[in-house]
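Enquirer: Pasting a predicted model and its sequence here:
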Amino acid sequence: MWNPGIPGGIPAVTTVYTTINAATYGNGTTDATAAINNAIQAAGNAAASTGIPQVVFLPAGTYRVSQPIVLDQSHVVLRGAGAGFTKIRQYSDCAVIWFGSVNYDWSGTSVVAVSGNVAKGSTSVTVANASGFSVGDIIQIDQIDDTSYISHGTYYWTYDKRSNTPDTNGPPSSHAGYRSIGQQLEIVSKSGNTLGIRGVIHMNYNSTFYPEAFKMPSVFSSGLEDFTVSGGGNPSGNGQIAGDSLAYSWVKGVEGDGRPASGGMVGIHIQLAHAYRCEIRQCYTHHATNIIAGGNAYGITLRGQSSDNLVEDNISMHLNKPMVNYCTGGGNVIAYNYVDNAYSTDFPGWEESGVDGNHGSYSVMDLFEGNWGSNIGADSTHYDSGWLTFFRNYAQGKNSSPPAPDNGNVRAVGIDGMNRNFNVVGNVLNTAGVVNGAQPIYQSVDPTTLDPAAIFRIGANSMGGSYEVFDDGTALKTLYRHGNYDYVTNSVIWDPTNADHTLPASLYLTAKPAFFGSLTWPWVDPLGATKVYTLPAKARFDAGTPIPLVQVTSISPVSGSTAGGTTVTVRGGGFQPGSTVTLGGVAVSSVVVSGLTTLTAVTGAHETALVDVTVTIPGSWSATLSQAFFYSPPSAPARFFTLAPCRLVDTRAGQPPALTATERRVWTVTGACGVPPTATALALNVTVTQATAAGWVRLTPGNGLADTSTLNFSAGQTRANNAVVWLATDGTGSLAATNGSLGSVHVILDVSGYFQ
């Protein structure tokens, strides 16, 4: 299973450091660049000194910028009032926003040799000298190319990989050749020269190929939220949002508008390079100044050996390459996105790549799940890639509304030459009926069948040059196909060597994601009578609201009585007079809307539970913040039973690693240390240790929330406190710990008794 993105999802940051009003800058007539950048720097200082993440808020209006907005501070969110409400317009040929350590001086970076081999699946890396590394650091590991599977690693943009030629904007040069295989890692423990890592190594690193490691200058836990960007970019491809060296950061609810009438766009709408466990979600990227090849009109991109990131529930279209990866480090998941209308206006009718797993060698070990794409696969224009998985996608096989009808390179799955070891499993491919007046063929593997539309086109475009040049059979003979339904054979075709014909619901999710609401999931079902249901992102687009008109980001307080009567403040975007609110399906009363971003209300009665908060605006548009409010159990007489002191949880030893910044972790505790299933609360001694930053830990029921901390601490401090903690009210016997610091911390829980 893949395990991408921010643990627990994108956090709700509620502390507003400052508000910058568009009216102060003539609502788009005077330059707001300096004001926004100064506010971001000050907010970063405040976050570092207080331990509390900060928001720089841009209310509705237009903000004119002449140079990039620079978000290079950790724990800072640049937030608007919603896409279409807050508009940032770039009026010069540069990126609209630089996000992360984009101007970092790499000249002093120390590169350290990795000792011995590191096997795929390993959870540690041993280096020659670990003195320059600390717990919490993000590092990169890479190695020179293994030509047994990398056919052409000399992809020339050294920004994405290290080579003999240094790149002034990228990591230090390599002493021996190109390093196409690399991965971002987080250090969670250190013992001598051995570094324990979060997650696993995605590829084998062999001492024969001189693996090395070095520290990344990562910006942690920062975000871009809820605005529209337009303009931006230059022929070098800066585009609109250029992210680099980020960890646990995000882009959410952002529209990248590249229409010429809105200011155009040249380059890439949203790109993240050297990113670790970041998320891009509910964004809408579309159009460019000229929708042509050459990097001038791309949508959402992961690159530069980015690892374990999540690109989920976005829309990208009317671009040359709407969704494309370059030289990724593995563990990334690109899922449940609507990707359509991939074309080039300088080659009318040529169907470009929609969901493209690789546009620069060597992307590896990524998952593409549940996407709606005009087509899926990977090109080899800038050389090969391997071990990519396409699962439960719907590939229509053609663009929905291109400027010229598709008549060239029309396919549902395109795996270009020398790409190897791809897995295409459980997909629904093409549409019923003819394409361009003819029935598609099932498979195209040589130049004589290049023109007809195909379900699979395998091996073409072999290492650039003429697309009609096919490879030596590598792409086809290493391709694994299993359980795909197609509209040429009108059947599900299985791999004959695999008798297992079951398909899991997901390869990275354990349950239906909240953004599907009441819609059917999985939405792609090659084995069912209905092959394709409704993808939420496409439904939003078809309804004319590609980014939700209303959003809910937080509620305060986060808990209240089951009897109701708690006054709550809900924050988000797009709130309108006449909005209604429910908590767990129960309507609230006394709703007062205070502008686009805030409303207050009074809760109704509800049984004890952790519930969703839903705001509906006139026109029946709604948004939900999942499991955001806890109806606390009523106080009741209870008997207390003592236990011999016993350790329930110790994140230092044999259990999951330290809690990372803002992480919430749940443990089932009944059945351990003599705690019976009937227990309702525990008497605990709570200890925190090895904290890398000041903060607090909050203990709550496993299905509950609270506003107060259980224990406060400073960096490096070991502290203990007694606490009585309710267990989950849903019968799971669980409790949760939330790390309220900007660093990592170990938690130890010792039980001395229980209530029932």
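Expert: That came through fine. Numbers count the residues shown, from 1 in each chain.
Enquirer: which residues does residue 210 contact?
Expert: Neighbouring residues of residue 210 by CB atoms under 8 Å, 6 or more residues apart in numbering: 113, 143, 144, 175, 176. Where C-beta positions appear, they are placed from N, C-alpha and C, glycine not excepted.
Enquirer: can you confirm residue 36 is in a strand?
Expert: No. Read with DSSP: H, G, I helix; E, B strand; the rest coil, residue 36 is helix and lies in no strand.
Enquirer: Run a quick neighbour tally on it.
Expert: 22 (other CB atoms under 10 Å).
Enquirer: For residue 645, see how far away the nearest residue to it once chain neighbours are set aside is.
Expert: Leaving aside its chain neighbours, residue 36 sits nearest to residue 69 (5.3 Å; criterion: CB to CB, 6 or more residues apart in numbering). Residue 69 is 53 Å from residue 645, where distance means CB to CB, to the nearest Å.
Enquirer: So for these two, which sits in the more crowded spot?
Expert: Set residue 69 next to residue 645 and count neighbours by other CB under 10 Å: residue 69 wins out with 24 against 11.
Enquirer: Can you give me every residue that contacts that one?
Expert: 33, 36, 37, 40, 78, 88, 96, 97, 98.
Enquirer: Next one: it, what pLDDT does it get?
Expert: pLDDT recorded at residue 69 is 97.
Enquirer: shaky segments in the stretch 51-200 of the chain?
Expert: Along the stretch 51-200 of the chain, segments meeting pLDDT under 70 span 156-158, 166-169.
Enquirer: for it, what spans make up the strands?
Expert: Using DSSP state E, counting those that start in this stretch, the strands of the stretch 51-200 of the chain run over 54-58, 61-65, 69-71, 76-80, 86-90, 97-100, 112-113, 124-126, 138-143, 181-191, 194-197.
Enquirer: In this structure residue 7 contacts residue 658, no?
Expert: No. Counting by CB atoms under 8 Å, residue 658 is not a contact partner of residue 7; they are 11.7 Å apart.
Enquirer: what about those two, which has more around it?
Expert: Neighbours were counted for residue 7 and for residue 658 using other CB under 10 Å; residue 658 has more, 24 against 16.
Enquirer: And for the more buried one, nearest residue in space, chain neighbours not counted?
Expert: Residue 658 sits nearest to residue 744 (CB to CB, 6+ apart), 4.2 Å away.
Enquirer: all helices of the protein, in order?
Expert: 33-50, 474-477, 536-542 (DSSP state H).
Enquirer: any chance of these in JSON lines, with mean pLDDT and distance to residue 491 too?
Expert: Below are the helices of the chain laid out as JSON lines (pLDDT from 0 to 100; distance: least, CB to CB, whole Å):
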{"stretch": "helix 33-50", "mean pLDDT": "97", "distance to residue 491": "56"}
{"stretch": "helix 474-477", "mean pLDDT": "97", "distance to residue 491": "20"}
{"stretch": "helix 536-542", "mean pLDDT": "95", "distance to residue 491": "25"}
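Enquirer: nearest to residue 710, of those helices?
Expert: Comparison of those against residue 710 by CB to CB identifies helix 33-50 as nearest, at 19.2 Å.
Enquirer: Identify the residues contacting that closest one?
Expert: So helix 33-50 is contacted by 17-18, 20, 24-25, 52-56, 58, 63, 65-76, 78, 742 (CB under 8 Å, 6+ apart).
Enquirer: Now which of those would you call buried?
Expert: 17-18, 20, 25, 52-56, 58, 63, 65, 67-76, 78, 742 (16 or more other CB atoms under 10 Å).
Enquirer: Any idea what the residue nearest to residue 36 is bridged to?
Expert: residue 97 (DSSP bridges).
Enquirer: which residues touch the residue lying closest to residue 693 once chain neighbours are set aside?
Expert: Counting by CB to CB, 6+ apart, residue 743 is the residue found nearest to residue 693 once chain neighbours are left out, at 3.1 Å. For residue 743, the contact set (CB under 8 Å, 6+ apart) comprises 136, 661, 691, 692, 693, 695, 715.
Enquirer: same thing with residue 491?
Expert: residue 485.
Enquirer: which residues of the stretch 451-600 of the chain score low on pLDDT?
Expert: 463-465.
Enquirer: and with 80 instead?
Expert: For the stretch 451-600 of the chain, the stretches with pLDDT under 80 are 463-465, 517-518, 548-549, 553, 595-596.
Enquirer: And the strands in it?
Expert: Using DSSP E, counting those that start in this stretch, strands in the stretch 451-600 of the chain cover 454-458, 480-482, 484-486, 491-493, 551-556, 559-561, 567-573, 580-583, 586-587, 589-593, 598-602.
Enquirer: Next, format the ones you listed as a markdown table and append distance to residue 132.
Expert: Shown next, in a markdown table, are the strands of the stretch 451-600 of the chain (distance: least, CB to CB, whole Å):
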| stretch | distance to residue 132 |
| --- | --- |
| strand 454-458 | 45 |
| strand 480-482 | 41 |
| strand 484-486 | 48 |
| strand 491-493 | 52 |
| strand 551-556 | 38 |
| strand 559-561 | 44 |
| strand 567-573 | 41 |
| strand 580-583 | 50 |
| strand 586-587 | 55 |
| strand 589-593 | 53 |
| strand 598-602 | 46 |
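Enquirer: Out of these, flag the one nearest residue 610.
Expert: Residue 610 lies closest, by CB to CB, to one member of the strands of the stretch 451-600 of the chain: strand 559-561, at 9.2 Å.
Enquirer: Who are the packing partners of that closest one?
Expert: Helices and strands touching strand 559-561, by 3 or more CB pairs under 8 Å, 6 or more residues apart in numbering; DSSP states H and E, are strand 621-632.
Enquirer: mind giving me the domain ranges of this protein?
Expert: 15-104+217-266, 105-216, 354-548, 551-632, 640-755 (automatic domain parsing).
Enquirer: before we move on, the earlier item: ranking the strands of the stretch 451-600 of the chain by burial, who's on top?
Expert: Highest mean neighbour count among those (mean count of other CB atoms under 10 Å): strand 454-458, with a mean of 26.
Enquirer: Only C-alpha atoms, please: export that strand in CSV.
Expert: The C-alpha trace of strand 454-458 is given here as CSV (Å, rounded to 0.1, in the frame of the first residue of the first chain):
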residue,chain,number,x,y,z
ALA,A,454,-6.1,2.1,-29.9
ILE,A,455,-6.8,0.9,-26.5
PHE,A,456,-3.1,0.3,-25.9
ARG,A,457,-0.2,2.0,-27.8
ILE,A,458,3.0,0.5,-26.5
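Enquirer: Pairing partners for that strand, with directions?
Expert: Take DSSP bridges as the rule and strand 454-458 pairs in its sheet with strand 411-415 (parallel), strand 441-444 (parallel).
Enquirer: Deepest-packed of those strands, please.
Expert: It is strand 411-415: most buried of the strands paired with strand 454-458 by mean count of other CB under 10 Å, with a mean of 30.
Enquirer: re earlier: and residue 250, which of the helices of the chain is closest to it?
Expert: helix 33-50 (15.6 Å).
Enquirer: Which parts of that closest one count as buried, going by neighbours?
Expert: Applying 16+ other CB under 10 Å to helix 33-50 flags 33, 35, 36, 37, 39, 40, 42, 43, 44, 46, 47, 48 as buried.
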